[in-house]
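Peer 1: what's the 3D shape of this:
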Amino acid sequence: MRKSLAVIAFTGIGLSLCSLQADAQFFDRLKEKASKAVTAVEEAESHVQSAEEKVSDSGLATKGEPSLEGGPADSLIAFTQCAGLPIENVVVGTPGNYEFQQGFSVEERSGFVDRIPSSVSNDCILPSIVSGQAIYMEVDEQKFEALGSANDWEMQCVRSDNPRAGALGQDEPKTEYPSRVNYLSPKDYHLHCGHNVAHAEECSEGSNSDRSSAWDKNLDERGKKMLSVFGNSSTLAPKIGEKLYCQYYNKRSRKSLFAFEYLRRR
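Peer 2: Just a heads-up that it's a prediction; the model follows:
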């Protein structure tokens with residue numbers, strides 16, 4: 001009888017130990033799953049944060065600012081009647097510095113960097129930009145000159161959310177919004193060979209003057225004229241920025257060569 005009780009007791013202890021071990025394994029698995037879940041959440045948050053940083057770095061979206069996504073509204077585009085002159089080689093970028101190799105030395109120059117090849121929509125609507133960005137483009141030189149002299153053209157900008165209030169030039173200096181179409185020089189676009197700028201295959205050696213002359217020659221041979229606009233910053237902009245819609249307007253034909261929207265920042 002005692003042996004039987006001992007066996008039963010021993011068996012009970014063994015079952016208890018097995019049960020404890022099973023419980024321990026079960027909780028270990030739960031802890032492992034929980035740990036993996038936490039890791040997955042942390043990774044997801046990291047990806048979201050990384051994506052937000054990339055969007056912010058691109059200059060096209062900062063918390064609280066108006067969005068340029070989707071381009072200008074149809075109601076704004078309706079104000080613009082295109083002149084019908086094709087616009088080619090459209091590139092969005094940033095005026096800044098770049099480097100190039102000269103033997104063992106690395107030299108720095110200023111130019112048109114952070115380039116993104118683009119195109120027009122609705123016949124003459126350029127891609128949207130923010131303050132600090134520029135747009136490079138080319139048109140047929142003879143056809144452009146046939147549209148009139150420099151006195152026939154003017155840049156007109158209105159606030160996207162209230163275009164009927166009138167052009168900004170009526171009450172703001174031209175330095176507060178894009179007013180020029182020759183912001184970039186040929187040397188800015190035609191970089192020194194050996195550079196580290198993407199989407200800038202055309203290059204040449206020499207000084208800034210040499211490279212400008214080389215690009216002018218390239219344009220002449222192709223019958224093209226380069227134009228460029230720059231998204232000015234402005235102390236008149238609200239803290240969260242504001243969207244402006246601008247068009248390069250010909251007073252004689254009452255048509256525009258191009259139009260674009262940009263987010264004006266301080």
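Peer 1: just checking, E99 touches N196?
Peer 2: Yes - assessed by C-beta atoms under 8 Å, E99 is found in contact with N196 at 5.3 Å. All C-beta atoms are positioned from the backbone trio N, CA, C, and that covers glycine.
Peer 1: so which elements touch the lengthiest strand in the chain?
Peer 2: Secondary structure of the chain read by DSSP state E shows that its longest strand is strand 88-102. Packing partners of strand 88-102 (3 or more C-beta pairs under 8 Å, 6 or more residues apart in numbering; DSSP states H and E): strand 105-117, strand 134-140, strand 191-192, strand 224-230.
Peer 1: please enumerate residues in contact with that strand?
Peer 2: 106-120, 126-127, 129, 132-139, 183-184, 188, 191-197, 199, 224, 230 (C-beta atoms under 8 Å, 6 or more residues apart in numbering).
Peer 1: show me what counts as buried in it.
Peer 2: For strand 88-102, the buried set under the neighbour-count rule, 16 or more other C-beta atoms under 10 Å, comprises V90, V91, V92, G93, T94, P95, Y98, F100.
Peer 1: got a markdown table for these, with pLDDT too?
Peer 2: Shown next, in a markdown table, are these (pLDDT from 0 to 100):
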| residue | pLDDT |
| --- | --- |
| V90 | 98 |
| V91 | 98 |
| V92 | 98 |
| G93 | 98 |
| T94 | 98 |
| P95 | 98 |
| Y98 | 98 |
| F100 | 96 |
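Peer 1: which two of those have the greatest separation?
Peer 2: V90 and F100 (24.8 Å; C-beta to C-beta).
Peer 1: low-scoring stretches of the protein, by residue?
Peer 2: 1-62 (pLDDT under 70).
Peer 1: what ranges do the strands span in it?
Peer 2: Under DSSP E, the chain gives strands at 88-102, 105-117, 129-130, 134-140, 153-159, 191-192, 203-204, 224-230, 242-250, 255-264.
Peer 1: Y177: which of the ones you listed is closest?
Peer 2: Using C-beta to C-beta, the nearest of the strands of the chain to Y177 is strand 153-159, at 4.5 Å.
Peer 1: now that closest one and strand 242-250, what's the angle there?
Peer 2: Interaxial angle, strand 153-159 versus strand 242-250 (axes from the mean of the first three to the mean of the last three C-alpha atoms, to 10 degrees): 160 degrees.
Peer 1: what about strand 153-159, distance to the chain center?
Peer 2: Chain-centre distance of strand 153-159: 22 Å, with C-alpha atoms, centre = their mean, to the nearest Å.
Peer 1: what's that strand in contact with?
Peer 2: Against strand 153-159 from outside (C-beta under 8 Å, 6+ apart): 165-169, 174, 177-181, 229, 242-251, 257.
Peer 1: make it 7 Å
Peer 2: 165-169, 177-179, 242, 244-251 (C-beta atoms under 7 Å, 6 or more residues apart in numbering).
Peer 1: can you check stretch 162-170 too?
Peer 2: L76, F79, Q156, C157, V158, R159, E176, Y177, Y245.
Peer 1: what do you get for stretch 69-84?
Peer 2: 121-125, 128, 147, 160, 163, 245, 247, 250, 253, 255-257, 259, 261.
Peer 1: for PyMOL, write a command that selects the buried ones of those.
Peer 2: Here is the PyMOL command that selects the buried residues among those (16+ other C-beta under 10 Å):
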select buried, resi 123+124+125+128+147+160+163+245+247+250+255+256+257+259+261
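Peer 1: what's the nearest residue to F144 if we skip its chain neighbours?
Peer 2: For F144, ignoring the flanking residues on the chain, the nearest one in space by C-beta to C-beta, 6 or more residues apart in numbering is K225 at 5.5 Å.
Peer 1: the one you found: neighbouring residues, count only.
Peer 2: By the criterion of other C-beta atoms under 10 Å, K225 has 18 neighbours.
Peer 1: right, and it touches Y136 too?
Peer 2: No - the pair K225 / Y136 is not scored as a contact, 11.8 Å apart, by C-beta atoms under 7 Å.
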